[in-house]
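Participant: got a sequence here, can you build the structure:
(one chain, ligands or ions: 1)
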Amino acid sequence: MYNPSSLKAEEFINHDEIMETLAYADINKNNLKLIDEIIEKAKQRKGLTHREASVLLACENTDKINKIYALAEQIKKDFYGNRIVLFAPLYLSNYCVNGCVYCPYHAKNKHIARKKMTQEEIKKEVIALQDMGHKRLALEAGEDPINNPIEYILESIKTIYSIKHKNGAIRRVNVNIAATTVENYRKLKEAGIGTYILFQETYHKESYEQLHPTGPKHNYAYHTEAMDRAMEGGIDDVGLGVLFGLEKYRYEFAGLLMHAEHLEAVHGVGPHTISVPRIKHADDIDPSAFDNGIDDDTFAKIVACIRISVPYTGMIISTRESQSCRERVLHLGISQISGGSKTSVGGYAEPEPEEENSSQFDVSDKRTLDEVIRWLMQIGYLPSFCTACYREGRTGDRFMALCKSKQIQNCCHPNAIMTLKEYLVDYASPETRKIGEELIKKEIGSIPKEKVQKIVTDNLTKIEQGSRDFRF
Ligand code: SAM
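Facilitator: From the prediction side, this is the model:
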């Protein structure tokens, strides 16, 4: 029985409810009157149910699809302005006991180079990341209780936060590790993590079990209920995602929104972020072996439909996607992107030798962080290295309240400007700096409160003089 408030995976992600939703979407995909009503509802910016959103995703009418795109773009502007938050992944270890058939870290892969960084190596990587200009990391690791126990992850987080190289600092560490216990989530919270990210991979239980034939990740319920345990452990910013290509995208889309509805129903706060990874080539993984790959048009439609269905949830895209694909979906709802990423264990401080490939997947967007920043500014965005909300305790429902109160333009916008300024002064190439300084002059004018404008202007001067880390 479908019950969004249940704590049982099969009740809040209910197969029958998803099948009925897909049938409803099929029947109504050409029902233009209903589609218009759903679009009108989305315009109120209070989100859509998984059923309503599934109808829009199934819609094939070009005129209506263009309306969905226009609304997604407008909602994105209203909630996130032109800011794009930057981060980089840091792979700590690729030892893994699971058998995920799409991931080259699967335990049976004997030819991938297995690596686990020591604290000394992590230090070097973090210094390299700080020297690129990064302030926010997403920690990644395979699941291996012997090689990568929670103590190792906690020690690594401590190491990362402790490194202050030149003007650099990692101010927010998000964590993407396998589903774990409430006790371990509590430890991660105490270690000061930002978001706990866990991709569902697929919401389809039967496929899930086939795609994860061995190891602890095989347990669908344990994996699907992880976010509830994370919240019970005190983590109130959680990041959802599915790996598109494994199952039928419409099934995944409905599951993803049902998961968001479940978190809202039980914990009073939806997901902080949603990621939209697609399967990529990797060591012994051929993406064409999976039948459910989606093209760029479908991908764009998914992003737009997520954007209008959960307006308060940030959306993340990684360097799995190419520059052109990233550009398209930035307009439609993406608010965070990675830049200059390495998916190998190590590789920031020194490039990994080719014969030692430890990467999780091939990267499509291989540009440096400086190139990504310059490109973002050239296409009309304001790159942001802001980490203020989490450090000011504005997480979970307090962050959502900030979004809803429309104070974001007096808070996130100035923070974006000041952190971009730090980047320009400390790390940018001369060309990027020139474009950035012009942009900052323009952006100060769009801070609504005069008093805030004045504070920001003073702080920008102080940043020039060597002070760092101003925030609202
Ligand atoms: N091991 C942890 C877990 O099981 O959740 C951490 C996640 S893993 C390091 C990061 C994510 O990469 C996975 O959740 C999966 O969605 C994605 N991934 C794995 N193989 C991939 C591939 N071939 N192409 C693209 N993404 C992949």
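
Participant: please count neighbours and contacts with C-alpha atoms only from this point.
Facilitator: OK.

Participant: contact residues of this structure facing the ligand?
Facilitator: 102-103, 140-143, 176-178, 198-199, 201, 243, 278-282, 361 (CA under 6 Å from any ligand atom).

Participant: measure residue 357 to residue 188 for me?
Facilitator: Distance of residue 357 to residue 188, computed by CA to CA, to the nearest Å: 29 Å.

Participant: what about these two, which has more around it?
Facilitator: residue 188 (24 against 18; other CA atoms under 10 Å).

Participant: for the residue of the stretch 351-472 of the chain at minimum distance from the ligand, which non-adjacent residue is closest in space?
Facilitator: Closest to the ligand within the stretch 351-472 of the chain is residue 361: 5.1 Å, counting by CA to the nearest ligand atom. Spatial nearest neighbour of residue 361, chain neighbours left out: residue 282 (4.3 Å); criterion: CA to CA, 6 or more residues apart in numbering.

Participant: was I right about the one you found contacting residue 105?
Facilitator: No: Residue 282 lies out of contact with residue 105 (CA atoms under 8 Å); the separation is 9.5 Å.

Participant: just list what the helix or strand encompassing residue 459 packs against, helices and strands only.
Facilitator: Element membership for residue 459 (DSSP states H and E) is helix 450-464. Helices and strands touching helix 450-464, by 3 or more CA pairs under 8 Å, 6 or more residues apart in numbering; DSSP states H and E, are helix 412-426, helix 430-444.

Participant: looking at residue 282 and residue 105, which is more packed in?
Facilitator: The neighbour comparison of residue 282 against residue 105 (other CA under 10 Å) goes to residue 105, with 31 against 20.

Participant: before we move on, back to that, report the contact partners of the residue nearest to residue 361.
Facilitator: Residues counted as contacts of residue 282 (CA atoms under 8 Å, 6 or more residues apart in numbering) are 103, 104, 359, 360, 361, 362.

Participant: for it, grab phi and psi.
Facilitator: Backbone torsions for residue 282, taken as degrees, to the nearest 10, come to phi -150, psi 170.

Participant: which strand residues bridge it?
Facilitator: residue 285 (DSSP bridges).

Participant: quick one, longest strand in this protein?
Facilitator: strand 83-93 (DSSP state E).

Participant: which helices and strands sit right next to that strand?
Facilitator: strand 136-141, strand 336-338, strand 382-384.

Participant: which stretches of the stretch 201-350 of the chain form strands?
Facilitator: For the stretch 201-350 of the chain, applying DSSP state E, counting those that start in this stretch gives strands covering 238-241, 273-275, 314-317, 336-338.

Participant: got phi/psi on residue 399?
Facilitator: phi -70, psi -40.

Participant: what's the closest non-adjacent residue to it?
Facilitator: residue 389 (7.0 Å).

Participant: for the one you found, the count of nearby residues, please.
Facilitator: 19.

Participant: again, but for residue 397
Facilitator: Residue 397 has 17 nearby residues by other CA under 10 Å.

Participant: let me see the domain layout of this structure.
Facilitator: 9-62, 77-391, 407-464 (automatic domain parsing).

Participant: hang on, the earlier thing: could you single out the nearest of the contacts of residue 282 to residue 260?
Facilitator: Closest approach between those and residue 260, by CA to CA: residue 103, at 25.3 Å.

Participant: close enough to count as contact, that closest one and residue 285?
Facilitator: Yes: assessed by CA under 8 Å, residue 103 is found in contact with residue 285 at 6.7 Å.

Participant: of those two, give the one with the bigger neighbour count.
Facilitator: Per other CA under 10 Å, whichever of residue 103 and residue 285 has more neighbours is residue 103, with 22 against 18.

Participant: re the thing from before, so can I have TSV of the helices and strands packed on helix 450-464 showing mean pLDDT, distance to residue 346 and mean neighbour count?
Facilitator: What follows is these, written out as TSV (pLDDT from 0 to 100; distance: least, CA to CA, whole Å; neighbours: other CA atoms under 10 Å):
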stretch	mean pLDDT	distance to residue 346	mean neighbour count
helix 412-426	97	23	24
helix 430-444	98	27	16
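
Participant: for those helices, give me a markdown table that also has distance to residue 377.
Facilitator: A markdown table is the format used below for these (distance: least, CA to CA, whole Å):
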| stretch | distance to residue 377 |
| --- | --- |
| helix 412-426 | 11 |
| helix 430-444 | 7 |
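
Participant: got the CA positions of stretch 332-341 in PDB?
Facilitator: What follows is stretch 332-341, C-alpha atoms only, in PDB (Å, rounded to 0.1, in the frame of the first residue of the first chain):
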ATOM      1  CA  LEU A 332      16.600  24.800 -17.100                       C
ATOM      2  CA  GLY A 333      17.300  24.400 -13.400                       C
ATOM      3  CA  ILE A 334      20.800  23.300 -12.500                       C
ATOM      4  CA  SER A 335      22.200  25.400  -9.600                       C
ATOM      5  CA  GLN A 336      25.500  23.500  -8.700                       C
ATOM      6  CA  ILE A 337      28.200  22.200 -11.000                       C
ATOM      7  CA  SER A 338      31.600  20.600 -10.500                       C
ATOM      8  CA  GLY A 339      34.600  22.000 -12.300                       C
ATOM      9  CA  GLY A 340      38.200  20.800 -13.000                       C
ATOM     10  CA  SER A 341      37.100  17.400 -11.600                       C
END
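
Participant: average pLDDT for that stretch?
Facilitator: On average, the pLDDT along stretch 332-341 is 98.

Participant: next, count neighbours for the residue of the stretch 351-472 of the chain closest to the ligand.
Facilitator: 22.

Participant: quick one on the thing from earlier: any buried residues in the helix holding residue 459, and which?
Facilitator: When burial is assessed from 16 or more other CA atoms under 10 Å, helix 450-464 yields the following buried residues: 452, 453, 456, 457, 459, 460, 463.

Participant: contacts made by stretch 102-120 with the rest, please.
Facilitator: Contacts of stretch 102-120 (CA under 8 Å, 6+ apart): 92-100, 142, 147, 155-156, 159, 211, 279, 282-285, 287, 345-346, 356-358, 360-361.

Participant: swap in 6 Å and give it another go.
Facilitator: Here stretch 102-120 makes contact (CA atoms under 6 Å, 6 or more residues apart in numbering) with 92-94, 96-100, 283-284, 356-358.

Participant: separate out the buried members of those.
Facilitator: 92, 93, 94, 96, 97, 98, 99, 100, 283, 284, 357, 358.

Participant: hang on, residue 54 is in a helix, isn't it?
Facilitator: Yes: assigned with DSSP: H, G, I helix; E, B strand; the rest coil, residue 54 falls within a helix.

Participant: that one: what's it in contact with?
Facilitator: residue 25.

Participant: burial count for residue 399?
Facilitator: With other CA under 10 Å as criterion, residue 399 counts 19.

Participant: distance check, residue 134 against residue 420.
Facilitator: Taken as CA to CA, the span from residue 134 to residue 420 is 11 Å.

Participant: what does the helix-or-strand element of the chain with minimal mean pLDDT rub up against?
Facilitator: Within the chain, no helix or strand scores below helix 396-404, which has a mean of 83 by mean pLDDT, DSSP states H and E. Contact with helix 396-404 is made by 236, 237, 269, as judged by CA under 6 Å, 6+ apart.

Participant: perfect, I'm done here.
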